[in-house]
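# With the input below, show me the fold.
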Amino acid sequence: MRRVSLVLDQLLKTYDKSVRPGGEEGPLIIKTNMLVRSMGPITETKMAYSLQCYLRQSWYDQRLKFDLDNITEVTLSNTFLKDIWKPNTYFLNGRLSTQPNITVPNVFVRIRKNGSIYMSRRLTLNAGCPLNLLNYPMDDPVCPLLLAGYGYTTDEVVYQWQAPSEAAVDIYDDVTLSQFDIVSIWTKNNTYSNAIGTYSGLEVHFHLRRHIGFFMLQTYLPCTLIVCLSWVSFWINRDAAPARVLLGVTTILSTAAVGLVQRDSLPRVPYATALDLFLNVCIFYNLAAIVQYAAVNYFTKILPKEGGLSEDEDEEMNNSTSGNNLVAWKVGKSTQTMCPALFCKCLLGNFRFRNKMVETADVMSGNSVSSIDIWSRYLFPCSFGLFQAFYWTWFLRLTL
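From the prediction side, this is the model:
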């Protein structure tokens with residue numbers, strides 16, 4: 001080892017680390033490969049991910065050739081890097097990346113007798129990942145990692161993956177993510193241009209697939225059950241207004257609360273995700289159940305009240321221009337029984353129509369089951385089932 005130290009000291013006496021190897025012989029080729037030790041988490045709110053990897057680079061430096069008997073390569077400590085030229089590689093989409101220094105800086109150098117240098121660094125990277133959340137949570141994000149050399153154009157330094165594209169980036173078998181599966185990893189060589197020149201760089205893309213089981217248990221299933229709960233009001237007596245209104249309001253607030261919890265983990269993107277679509281449809285069905293009861297309540301044959309008409313109803317009747325007796329109002333008249341006409345009466349709160357209901361009510365038998373409730377018992381579940389079938393067919397098809 002003493003001979004090695006003497007040889008290296010002799011080489012470094014005339015070595016200028018500010019000058020890149022190769023000189024006028026053409027661009028220096030820096031071959032790179034990577035081993036991923038761990039990955040995650042992936043943060044949707046920041047659109048970023050983290051990973052821990054070993055970045056390995058090799059190049060030739062003719063100034064570091066040596067000739068020693070029975071020694072072909074020498075492994076050196078990280079302090080040797082301070083005295084030689086090394087690539088100033090950086091990550092274009094990196095954020096707060098670090099190199100672990102416990103217990104010593106995690107880097108080592110190996111030099112061969114022909115001047116070949118091999119350097120390995122252990123890095124903790126935090127990089128940006130532009131997520132497209134349109135199909136969230138059934139999306140397949142692709143998170144890139146972009147490498148390039150700072151300050152050297154392609155005429156001086158060229159980066160290349162050391163192995164074929166499918167093997168340039170390897171990953172430990174035990175690497176797992178809580179919400180994702182790693183589908184594939186692919187790499188490519190690239191160049192980047194700006195006003196100064198063209199720079200060589202490398203790209204690695206991590207193709208991921210999100211697990212949907214968490215969302216099925218925490219969002220889709222609860223919201224579906226809440227919507228089904230709102231349909232219970234169709235079987236409650238239409239005279240029980242407090243029970244039906246309270247049930248409808250409760251289901252809306254419950255669905256909205258689930259949506260707010262899920263939205264907290266997402267960035268404020270300007271478009272609706274697949275999860276937003278599902279939650280809004282669930283809220284629509286809950287709201288429709290309340291509107292349905294408003295229609296049932298309006299068209300109910302109200303039993304005669306003690307004390308006659310209220311002041312508002314009496315005023316409405318006095319201001320009526322028809323001057324006809326309520327009993328003479330003909331239900332069978334086509335202009336009065338058409339759906340648009342009935343809908344307008346419901347929206348305007350027509351007192352003449354409601355008082356006609358009072359006249360036709362059977363005090364002895366009470367209110368019968370509303371035909372609107374009967375139809376709703378079939379219409380709401382069937383339409384919601386069709387929506388669910390279309391929803392899952394459409395979005396699961398996009399993920400396959």
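
# Do a quick rundown of the helices in this structure.
Under the criterion DSSP state H, the chain contains helices at 2-13, 213-215, 221-230, 241-263, 274-299, 311-318, 334-337, 339-348, 351-360, 371-399.

# ok, now which ones touch the nearest residue to K17 once chain neighbours are set aside?
Distances taken as C-beta to C-beta, 6 or more residues apart in numbering place W85 nearest to K17, at 4.8 Å, with adjacent residues excluded. For glycine as for every other residue, the C-beta is placed from the backbone atoms N, C-alpha and C. Residues in contact with W85 (C-beta atoms under 8 Å, 6 or more residues apart in numbering) are K17, S18, V19, R20, P21, D61.

# ok, R263 - how many residues close by?
Using other C-beta atoms under 10 Å, R263 has 14 other residues around it.

# Revised request: answer the last question for T103.
6.

# got it, and S97?
Counted with other C-beta under 10 Å, S97 comes out at 14.

# quick one: it and R121 touch, right?
No - applying C-beta atoms under 8 Å, one finds S97 not in contact with R121, separated by 10.8 Å.

# For the helices of the chain, please prepare a markdown table with the additional fields distance to F66 and mean pLDDT.
A markdown table is the format used below for those (distance: least, C-beta to C-beta, whole Å; pLDDT from 0 to 100):
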| stretch | distance to F66 | mean pLDDT |
| --- | --- | --- |
| helix 2-13 | 5 | 80 |
| helix 213-215 | 57 | 92 |
| helix 221-230 | 68 | 95 |
| helix 241-263 | 62 | 92 |
| helix 274-299 | 62 | 91 |
| helix 311-318 | 105 | 47 |
| helix 334-337 | 104 | 45 |
| helix 339-348 | 94 | 63 |
| helix 351-360 | 104 | 65 |
| helix 371-399 | 56 | 90 |
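
# Compile those into a markdown table and extend it with columns for distance to Q160.
Output for those, formatted as a markdown table (distance: least, C-beta to C-beta, whole Å):
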| stretch | distance to Q160 |
| --- | --- |
| helix 2-13 | 26 |
| helix 213-215 | 40 |
| helix 221-230 | 50 |
| helix 241-263 | 44 |
| helix 274-299 | 40 |
| helix 311-318 | 85 |
| helix 334-337 | 81 |
| helix 339-348 | 71 |
| helix 351-360 | 82 |
| helix 371-399 | 34 |
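
# And the ones you listed: which comes nearest T187?
With C-beta to C-beta, the closest approach to T187 among the helices of the chain belongs to helix 371-399: 23.7 Å.

# just checking, what packs against the closest one?
Applying 3 or more C-beta pairs under 8 Å, 6 or more residues apart in numbering; DSSP states H and E, we find helix 371-399 packed against helix 221-230, helix 274-299.

# Quick one: closest of those to D140.
It is, among the helices and strands packed on helix 371-399 and with distance given as C-beta to C-beta, helix 274-299, at 12.5 Å.

# quick one: which of the helices and strands packed on helix 371-399 is nearest L11?
Among these, the nearest to L11 by C-beta to C-beta is helix 274-299 (61.3 Å).

# before we move on, the earlier item: just so I know, which of the helices of the chain lies nearest T154?
Counting by C-beta to C-beta, T154 lies closest to helix 2-13 out of the helices of the chain; the figure is 28.8 Å.

# For S38, which non-adjacent residue is spatially closest?
Q52 (4.6 Å).

# If the one you found is in a bridge, with which residues?
S38, T124 (DSSP bridges).

# State the number of residues packed around it.
16.

# E24 now?
Neighbours of E24 using other C-beta under 10 Å come to 4.

# Quick one: residues contacting the closest residue in space to A289 that isn't next to it in sequence.
Distances taken as C-beta to C-beta, 6+ apart put S230 closest to A289, at 4.2 Å, once the chain neighbours are dropped. Neighbour list for S230: L247, G248, T251, Y285, N286, A289 [criterion: C-beta under 8 Å, 6+ apart].

# between those, which has the most around it?
T251 (27 neighbours).

# Would you check that it makes contact with L287?
No - assessed by C-beta under 8 Å, T251 is found out of contact with L287, at 9.1 Å.

# and the closest residue in space to Q292 that isn't next to it in sequence, how many neighbours?
Leaving aside its chain neighbours, Q292 sits nearest to S376 (5.5 Å; criterion: C-beta to C-beta, 6+ apart). S376 has 20 neighbours, counted by other C-beta under 10 Å.

# show me the contacts for S376.
With C-beta under 8 Å, 6+ apart, S376 has these contacts: W231, F234, A289, Q292.

# These into a markdown table, with extra columns for distance to N280?
Output for those, formatted as a markdown table (distance: C-beta to C-beta, whole Å):
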| residue | distance to N280 |
| --- | --- |
| W231 | 18 |
| F234 | 22 |
| A289 | 15 |
| Q292 | 18 |
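
# Between those, which sits nearest F380?
W231 (5.5 Å).

# That closest one contacts A289, doesn't it?
Yes - using C-beta under 8 Å as the test, W231 is close enough to A289 to be in contact (6.7 Å).

# Mutual contacts of those two, please.
Joint contacts of W231 and A289 (C-beta under 8 Å, 6+ apart) are S376, F380.

# for F234, what are its contacts?
Residues in contact with F234 (C-beta under 8 Å, 6+ apart) are A289, Q292, D373, S376, R377, F380.
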